[in-house]
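1. Have a look at this fold, sequence not included:
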C-alpha cells in the first residue's frame, strides 16, 4: 500500500515542481487553451533544456505511476475482499481506496481541457 502511494505521489510531486509551478509563475496560465496547446511561449518561462527534459520525464512517470497505482490498488482490494474479511482492516481498505481515487483524479487531470493542453504544450 505504501509503495502504491509512493508510486503515485512522487511523480505527481515531480510533475508539480517541473511543470505546474513554472507554468503558473510564468504567466502561461493567462493564455487561451488553443494557444497553449499550440506550444506558445511566455516571456517569463524559465526555458532550459534540463527543466524541459525533467518535465517530459515527470509527465511520463506521473501517467505510469497513476496507472500502476490504480491497478495495484484494485488488484489488492480484489485479492483481499473475498478471501478472509479479518485480513482486510478498514484502514487498509480506506488507504487503498484513497490511492485508487487519487489515481483516477490524476488521470482525469490529463484528460481535462487544461491538462491535455498543458501536455500538448509540454511535448512541443
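-> Looks like it came in fine. This one's a predicted model, so the numbers in the text were calculated from it and none came from an experiment. Residues are numbered from 1 along each chain as shown.

2. Helices of the protein, start to end?
-> 2-15, 21-25, 33-37, 49-80, 90-111, 113-123 (DSSP state H).

3. In CSV: those helices, plus mean neighbour count.
-> All C-beta atoms are positioned from the backbone trio N, CA, C, and that covers glycine. Shown next, in CSV, are those (neighbours: other CB atoms under 10 Å):
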stretch, mean neighbour count
helix 2-15, 18
helix 21-25, 15
helix 33-37, 15
helix 49-80, 17
helix 90-111, 16
helix 113-123, 16
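
4. Can you redo these as CSV, where the extra columns are mean pLDDT?
-> Below are the helices of the chain laid out as CSV (pLDDT from 0 to 100):
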stretch, mean pLDDT
helix 2-15, 91
helix 21-25, 81
helix 33-37, 81
helix 49-80, 86
helix 90-111, 90
helix 113-123, 85
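
5. Now do the same contact list for residue 57.
-> residue 14 (CB atoms under 8 Å, 6 or more residues apart in numbering).

6. how close does it get to residue 17?
-> 12 Å (CB to CB, to the nearest Å).

7. can you check residue 64 too?
-> 18 Å.
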